[in-house]
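*Asks:* Kindly return the folded structure for what I paste below:
(chains A and B)
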Amino acid sequence: MVAHTISVLVANEPGILARVVGLFSGRGYNIESLTVAETDAKQSLSRITIVTKGTPMIIEQIKAQLDRLVPVYRVRDLTVEGPHIERELALVKVRSTGEKRVEALRLADVFRAKVIDAKADSFVFEVTGNSDKVQTFVGLMESLGLVDVGRTGIVAMSRGGEAL
Amino acid sequence: MKPEESATTGADLLVKALIDEDVEVVFGYPGGAVLPIYDSLFKQNRLRHILVRHEQAAVHAAEGYARSTGKVGVVLVTSGPGATNAVTGLTDALMDSIPIVCLTGQVPTHLIGNDAFQEADTTGITRPCTKHNYLVKAVDALARTVHEAFYVARSGRPGPVVIDLPKDVLMNKHDYVAPPKVVSEHKSYRPQMKPDPKKIAQALEMIAHAKRPVFYAGGGVINSGPKASKLLTQLVHLTGYPITNTLMGLGSFPASDKQFLGMLGMHGTYEANLAMHGCDVMINIGARFDDRITGNIAKFSPGSKKIHVDIDPSSINKNVHVDLAVVGDATLVLEELVKGWKAKQPKVDQKALKAWWAQIEQWRARNCLAYKIDKETIKPQYALERLYHHIKNRDHYITTEVGQHQMWAAQFLKFEQPNRWMTSGGLGTMGYGFPAAVGVQIAHPDALVIDVAGEASILMNIQELSTVAQYRLPVKIFILNNQYMGMVRQWQELLHGSRYSESYMESLPDFVKLAEAFGARGLRCHEPAKLDDTIKEMIALPHPVIVDVIVDQKENCFPMIPSGAAHNEMLLGPDDKAGKVSEEGMVLV
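*Replies:* Just a heads-up that it's a prediction; the model follows:
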């Protein structure tokens, strides 16, 4: 079972997210990650990025089921349709002092994480990258006083000049 | 004139929009939230309202109306319990792809979310059981939403659509918006109607080279309109190939035709199921490889190349992997196939086809629907055979409830035309048949409409006797009364050592007196010798009639593919059972 990243262009109307999520729960599909936000205010369009796992038959079903929802404009399987980029953003709060605090800051630098809040005994880092990188950074912080994590889930886009 | 003066209330706009969508009949039940609509209905005479006695029945009646006319069925119910009662009907319509627009009342917008009296989250509840639903939050969106709802309900793979209407929206005023003159494309919902010509060419190639072919046609052919059935019949005749129908597809090909193998599936014929099992090319048109059809998926038609014609891409490769998918409307696909076949005049391997037919005739000779006639008690199969004998030369429509009687009706009544057979296939809703018959009779006032029922199912929507009385609908209810939930009992026999847990129908009403209590006629028949006279009397009476046919309590429905078994592992009769249900089969329904 390979993870597939699926981009869905939908009408930004009430209940659309419930429709998509309900489809997944109702038919027993997995959601590994889900992000949604309006991307075109003029035409009132939202873009949903879903990472899901399943057999090839299930993945095909998921795409067909999404596509037949009335407010869905387009469904694209980025994993199948050529190279694409995936990014995730995380906010990572670390509370520590002394050597641990210095080490956290040093690792943040290695991961090009930004310090967006600092107190005498804490940092909030903003780290961006693919999920692996984010996960690795969060893992490293565990022994350095990690107290809180917020992750956006994956947003993705195909490489090259083609729009969704 | 100022806009306010020319403007109309939401309720009036709604009625106008319905009329513009060619709606003639609305099946409904009033309540607080929809009072403005009922007031608008009162002030006009274009729309006819049929008052049912339960909201579930309103949806089933609309389904019967829709399935027998090809039009969209319309339902009007109030908020809260009105909407929740409609849920079973909506789910039924979704499973069987029946076009329905269901208008539900809602508490005024400022009260939504406050747990107001008769408030329910209708769009939330009906989201998984409709093709689409709308909550109209402002009156300016009302007329447009109604037009869109009709478009969505009837196009592509049809289905039920709910429009939730808060009471203030119904009372606010706005100008009317007429439906678009040209059916302009919906912004996001554009089902593929025309098939890809390349796929048509490939399909023709596969069909022409088949040695052991079988057509397998379902409800999609019926939904596509009567023309699809004509084209299907033409194609089947052109090829000379055998054809079987699903439960929902009965009537898409004339049952009396020699090329017809009968229904397939769990209670399908021996010849249909073995043809499916042994074929080398399967041509599925408008069917969805439902589990009642396939039996054990792993053992389903192992040696065949499969072509699947469907308007809904999500039906393709859902249960069964197919070799060629043709997405499109059945009429347009069949048109292309017929055209292509005529143009190419392909040379079919006649020798192989002859051998295939010889094999099929051998299977047919097993006479799998045979049963033992009894002089003392009426066999349910016999009752249906006699019923068919008396109705076959009349314009008739059949609805059913769900259970053994439904399967026997599918086996023993013959359907020569589409839109004459209304049954709950996907959801299997007991209580469907009677209200559906109400809807059919409303659409076809002079036709003979018969609900073939069981004594258990009929009690699930028996309150509609009152509707039938009010509108003087001469619906006939033909009960095969075996005093059991017959199909439950049959499965208990097969799977649970004949422990008939709760499947005996205790304390049944006297159906003759029950009919009389509602001003209908009641007839009862115990003896095979009197059955013909009873049926004749039922047909002759211009009233609603309940016929209580007391049938053999122990008769079971055969042939049967037990759960988890394959098409070639059918049980042909009661002596054929022992130990055939696998452990995996036990967990299946």
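
*Asks:* C-alpha only now, for contacts and for neighbours.
*Replies:* OK.

*Asks:* List the contacts of the residue of chain A positioned farthest from its centre.
*Replies:* Most distant from the centre of chain A: A:Gly98, at 33.1 Å, with distances by CA atoms, centre = their mean. Counting by CA atoms under 8 Å, 6 or more residues apart in numbering or on different chains, A:Gly98 touches no other residue.

*Asks:* which residues touch the closest residue to chain A within the stretch 301-450 of chain B?
*Replies:* Nearest to chain A in the stretch 301-450 of chain B, going by CA to the nearest CA, is B:Ser314, at a distance of 4.6 Å. Counting by CA under 8 Å, 6+ apart, B:Ser314 makes contact with A:Gln61, A:Ala64, A:Gln65, A:Arg68.

*Asks:* and which of the residues you listed is nearest chain B?
*Replies:* A:Ala64 (4.6 Å).

*Asks:* and the closest one, what helix or strand is that in?
*Replies:* helix A:56-67 (DSSP states H and E).

*Asks:* and that helix with chain B, contact?
*Replies:* Yes - using CA under 8 Å from any CA of the partner chain, helix A:56-67 reaches chain B at A:Met57, A:Ile58, A:Gln61, A:Ala64, A:Gln65.

*Asks:* circling back to that earlier point, please read off the pLDDT at the nearest residue to the residue of the stretch 301-450 of chain B closest to chain A once chain neighbours are set aside from the model.
*Replies:* Nearest non-adjacent residue to B:Ser314, counting by CA to CA, 6 or more residues apart in numbering or on different chains: A:Ala64, 4.6 Å away. For A:Ala64, the pLDDT comes out at 97.

*Asks:* Repeat that for the one 5 residues further on.
*Replies:* We note a pLDDT of 97 for A:Leu69 in this prediction.

*Asks:* do the same with B:Ser184
*Replies:* 66.

*Asks:* Could you report the pLDDT at A:His84?
*Replies:* At A:His84, the pLDDT recorded in the model is 96.

*Asks:* Contact partners for it?
*Replies:* A:Leu78, A:Ala156, A:Met157, A:Ser158, A:Arg159.

*Asks:* ok, now how distant is the nearest residue to the last one once chain neighbours are set aside from A:Gly161?
*Replies:* What sits nearest to A:Arg159 in space, not counting adjacent residues and going by CA to CA, 6+ apart, is A:His84, at 4.9 Å. Shown here: A:His84 relative to A:Gly161, a distance of 11 Å by CA to CA, to the nearest Å.

*Asks:* Show me what the helix or strand where B:Lys227 lies is packed up against.
*Replies:* Take DSSP H and E as the rule and B:Lys227 turns out to sit in helix B:226-239. Where contact means 3 or more CA pairs under 8 Å, 6 or more residues apart in numbering or on different chains; DSSP states H and E, helix B:226-239 is packed against helix B:219-223, helix B:330-344.

*Asks:* elements contacting the shortest one?
*Replies:* Identification of packing neighbours for helix B:219-223 by 3+ CA pairs under 8 Å, 6+ apart yields helix B:226-239, helix B:330-344.

*Asks:* right, and these - which one's nearest B:Ile442?
*Replies:* helix B:226-239 (20.0 Å; CA to CA).

*Asks:* Quick one: distance of that closest one to the chain centre.
*Replies:* 21 Å (CA atoms, centre = their mean, to the nearest Å).

*Asks:* so what strands line up beside the following helix or strand past it?
*Replies:* Going down the chain from helix B:226-239, the next helix or strand is strand B:243-245, by DSSP H and E. The pairing partners recorded for strand B:243-245 under DSSP bridges are strand B:213-217 (parallel), strand B:260-263 (parallel).

*Asks:* Out of those strands, which one sits most buried?
*Replies:* Most buried of the strands paired with strand B:243-245, by mean neighbour count (mean count of other CA atoms under 10 Å in any protein chain shown): strand B:213-217, with a mean of 28.

*Asks:* now the strands: where do they sit in chain A?
*Replies:* Here chain A has its strands, by DSSP state E, at A:2-11, A:33-40, A:45-54, A:72-77, A:84-95, A:114-119, A:122-129, A:146-151, A:155-158.

*Asks:* got the ones you listed as a markdown table, with distance to B:Tyr176 columns?
*Replies:* Converted to a markdown table, the strands of chain A look like this (distance: least, CA to CA, whole Å):
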| stretch | distance to B:Tyr176 |
| --- | --- |
| strand A:2-11 | 25 |
| strand A:33-40 | 29 |
| strand A:45-54 | 27 |
| strand A:72-77 | 28 |
| strand A:84-95 | 47 |
| strand A:114-119 | 54 |
| strand A:122-129 | 51 |
| strand A:146-151 | 48 |
| strand A:155-158 | 42 |
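
*Asks:* are any of the residues of helix A:56-67 next to chain B buried, and which?
*Replies:* For those, a burial check counting by 16 or more other CA atoms under 10 Å in any protein chain shown picks out A:Ile58, A:Gln61, A:Ala64, A:Gln65.

*Asks:* List the contacts of the last one.
*Replies:* With contacts defined as CA under 8 Å, 6+ apart, A:Gln65 is in contact with A:Leu23, B:Ser314.

*Asks:* what's the spacing between it and A:Arg74?
*Replies:* A:Gln65 sits 12 Å away from A:Arg74, going by CA to CA.

*Asks:* can you pull the pLDDT of B:Lys580?
*Replies:* Among the per-residue scores, B:Lys580 holds a pLDDT of 60.

*Asks:* Run through the residues that contact the closest residue in space to B:His267 that isn't next to it in sequence.
*Replies:* Nearest non-adjacent residue to B:His267, counting by CA to CA, 6+ apart: B:Met560, 4.8 Å away. If a contact means CA under 8 Å, 6+ apart, then B:Met560 has B:Met266, B:His267, B:Gly268, B:Met570, B:Leu571, B:Leu572 as its contacts.

*Asks:* So what does the residue nearest to the first one when sequence neighbours are not counted have for phi and psi?
*Replies:* I take that to be B:Met266. Nearest in space to B:Met266, with sequence neighbours left out and distances taken as CA to CA, 6+ apart, is B:Ile561 at 4.7 Å. Dihedral pair for B:Ile561: phi -100, psi 110, per degrees, to the nearest 10.

*Asks:* Pretty sure B:Ile293 is one of the things B:Ile561 touches, is it not?
*Replies:* No - B:Ile561 lies out of contact with B:Ile293 (CA atoms under 8 Å); the separation is 9.5 Å.

*Asks:* so who does the nearest residue to B:Lys299 once chain neighbours are set aside touch?
*Replies:* Closest residue to B:Lys299 in three dimensions, ignoring its sequence neighbours and counting by CA to CA, 6+ apart: B:Ala566, at 5.6 Å. Residues in contact with B:Ala566 (CA under 8 Å, 6+ apart) are B:Thr294, B:Gly295, B:Asn296, B:Ile297, B:Lys299, B:Phe300.

*Asks:* Near chain B, which residues of chain A? Just list them.
*Replies:* A:11, A:19, A:22-23, A:26, A:57-58, A:61, A:64-65, A:68-73.

*Asks:* Pick out whichever of the residues you listed sits closest to B:Gln381.
*Replies:* Nearest member of those to B:Gln381, counting by CA to CA, is A:Gly26, at 39.1 Å.

*Asks:* so who does the spatially closest residue to the closest one that is not a sequence neighbour touch?
*Replies:* Nearest residue to A:Gly26, sequence neighbours excluded (CA to CA, 6+ apart): B:Pro128, at 7.7 Å. Applying CA under 8 Å, 6+ apart, we find B:Pro128 in contact with A:Arg19, A:Gly22, A:Leu23, A:Gly26.

*Asks:* related to what we said a few turns ago, go through the helices and strands packed on helix B:226-239 and pick out the most buried.
*Replies:* Most buried of the helices and strands packed on helix B:226-239, by mean neighbour count (mean count of other CA under 10 Å): helix B:219-223, with a mean of 29.

*Asks:* Output that one as CSV - backbone C-alpha positions only.
*Replies:* C-alpha atoms of helix B:219-223 as CSV (Å, rounded to 0.1, in the frame of the first residue of the first chain):
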residue,chain,number,x,y,z
GLY,B,219,-31.0,-0.9,-13.8
GLY,B,220,-28.9,1.6,-15.7
VAL,B,221,-30.5,0.6,-18.9
ILE,B,222,-34.0,1.3,-17.4
ASN,B,223,-32.7,4.7,-15.9
